[in-house]
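Colleague: coords below, sequence missing:
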Ligand code: HMG
Ligand code: MG
């Protein structure tokens, strides 16, 4: 007997009634795999996630292929993806060369990715903290002029493996510069997963006090220390309505020591279902997809919900 397990729905008063799941498994997840996943598998992964009801699926990155060989097939992937109405496939773009490639591939939504710290800017982008803005500004201006949507990530918002603690005001200052540049949404990254819920409150408060409205904020938690779900709940309580997650908990960053997978989409969906927060995704279809993907990758998913419901 395998009765369908469901959380009991007990809505909480202080939460948004619905949120957008910004799915990053195909990009943040697969960029960190030691082997290159075949493009056919990536296409099927994204198709299955779309069939599961996710509508915002970060597909790949137009970065230097030597820096992230796992995503060197970006053009090929986008050529093969079925573009369905209502489906959004944002891609990462660091510079003008990346934007040229994204525009040629017919992309409608890009994400630039900044660092809150000097060391990670250097390691991830080969730029100083200030130089990163000089690299991004023309990208954002041109993308907006072409009618693209632009998201801005800020990495290392909750701690940096080389520099240690990162002040919330520093995060807010970097984020504000990206919004002033023209980014419509700001995703605050806990790249190495060290944040805790009170810290989330502090960083969100600093951003809002620094002039970024909460409806422009998204959260991007890696689950290295098991805090991603509680951090997400803290962000929802602050009014955040876009949450980044990765099917099966895939993920990490090849240029950040100790970064492991993102918040698993299935773990997020279980919590949202229990809280009565609408999200549009089908948990069974997500679990089936992540179980299938785990077989392709040759190891079980780290998601607790996939483990509890899958197989
Ligand atoms: P660079 O070496 O300084 O590049 O790298 P450059 O501007 O000096 O150019 C050198 C050569 O690379 C040139 O070719 C360029 O054309 C070429 P040459 O003239 O010598 O023949 N080039 C490119 N080729 C293809 N596509 C491009 C591109 N750009 C330059 N886009 C660069 C600078 C930014 C390109 C490099 O550092 C890079 O690709 N970094 C990407 C790192 C990355 O993808 N990290 C993971 C994503 S971030 C993340 O995971 C965090 C996040 O999840 C949030 C969180 O968790 O916190 C988003
Ligand atoms: Mg990430």
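Modeller: Good, I have the coordinates. Remember, it's a predicted structure, so these values are computed and weren't measured experimentally. Numbers count the residues shown, from 1 in each chain. Ligands and ions are numbered 1, 2, ... in the order given.
Colleague: next, residue 245: secondary structure please.
Modeller: strand (DSSP: H, G, I helix; E, B strand; the rest coil).
Colleague: give me the pLDDT for the nearest residue to it once chain neighbours are set aside.
Modeller: Residue nearest to residue 245 in three dimensions, not counting chain neighbours: residue 265, with 4.1 Å by CB to CB, 6 or more residues apart in numbering. Just so you know, the C-beta spots here come from the backbone N, C-alpha and C atoms, and that holds for glycine as well. The model reports residue 265 with a pLDDT of 98.
Colleague: quick one: residue 265 from residue 17, how far?
Modeller: Plainly put, residue 265 is 20 Å away from residue 17 if you go by CB to CB, to the nearest Å.
Colleague: neighbour count winner among the two?
Modeller: Neighbour tally, residue 265 and residue 17, criterion other CB atoms under 10 Å: the higher count belongs to residue 265, 34 against 9.
Colleague: run through the bridge partners of the residue of the chain found nearest ligand 1.
Modeller: Closest approach between the chain and ligand 1, counting by CB to the nearest ligand atom: residue 189, at 2.4 Å. On the basis of DSSP bridges, residue 189 is bridged to residue 220.
Colleague: near it, how many residues? Count them for me, please.
Modeller: 29.
Colleague: can you check residue 301 too?
Modeller: Residue 301, neighbours per other CB under 10 Å, totals 23.
Colleague: can you check residue 54 too?
Modeller: There are 28 residues near residue 54, going by other CB under 10 Å.
Colleague: so it: helix, strand or coil?
Modeller: Relying on three-state DSSP, one would call residue 54 coil.
Colleague: what about the closest residue to it other than its chain neighbours, how many neighbours?
Modeller: Among residues not flanking residue 54 along the chain, residue 23 sits closest, at 4.7 Å (CB to CB, 6+ apart). Residue 23 has 30 neighbours, counted by other CB under 10 Å.
Colleague: so residue 23 sits right up against residue 247, yeah?
Modeller: Yes. Residue 23 is within contact range of residue 247, at 6.5 Å (criterion: CB atoms under 8 Å).
Colleague: can you check which residues contact both of those two?
Modeller: Contact criterion CB atoms under 8 Å, 6 or more residues apart in numbering; residues shared by residue 23 and residue 247: 49, 265.
Colleague: which pLDDT does the model give residue 252?
Modeller: Reported pLDDT for residue 252: 68.
Colleague: output the set of residues of this protein in proximity to ligand 1.
Modeller: Applying CB under 6 Å from any ligand atom, one finds that the chain approaches ligand 1 through 28, 31, 61-64, 67-68, 92, 94-95, 97-98, 101, 113, 124-126, 153, 155, 189, 191, 220, 222, 253, 255.
Colleague: which of those are buried?
Modeller: 28, 31, 61-63, 67-68, 92, 94-95, 98, 101, 113, 124-125, 153, 155, 189, 191, 220, 222, 253, 255 (16 or more other CB atoms under 10 Å).
Colleague: about what we covered before: so who does the residue of the chain closest to ligand 1 touch?
Modeller: So residue 189 contacts 153-157, 220, 222 (CB under 8 Å, 6+ apart).
Colleague: quick check: the farthest pair among those residues?
Modeller: Spanning the widest gap among these are 154 and 222, at 13.7 Å by CB to CB.
Colleague: pLDDT weak spots in the stretch 151-300 of the chain?
Modeller: 252-253, 257-259 (pLDDT under 70).
Colleague: how about the helices in it?
Modeller: 168-181, 197-209, 228-237, 265-275, 283-297 (DSSP state H, counting those that start in this stretch).
Colleague: list the buried residues of the shortest one.
Modeller: So that's helix 228-237. Applying 16+ other CB under 10 Å to helix 228-237 flags 228-229, 231-237 as buried.
Colleague: same deal with the second one?
Modeller: For helix 197-209, burial by neighbour count (16+ other CB under 10 Å) applies to 199-204, 206-208.
Colleague: so, low pLDDT: which residues of the stretch 1-150 of the chain?
Modeller: 1-4.
Colleague: tell me which stretches of it form helices.
Modeller: 39-51, 74-80, 96-104, 118-125, 129-145.
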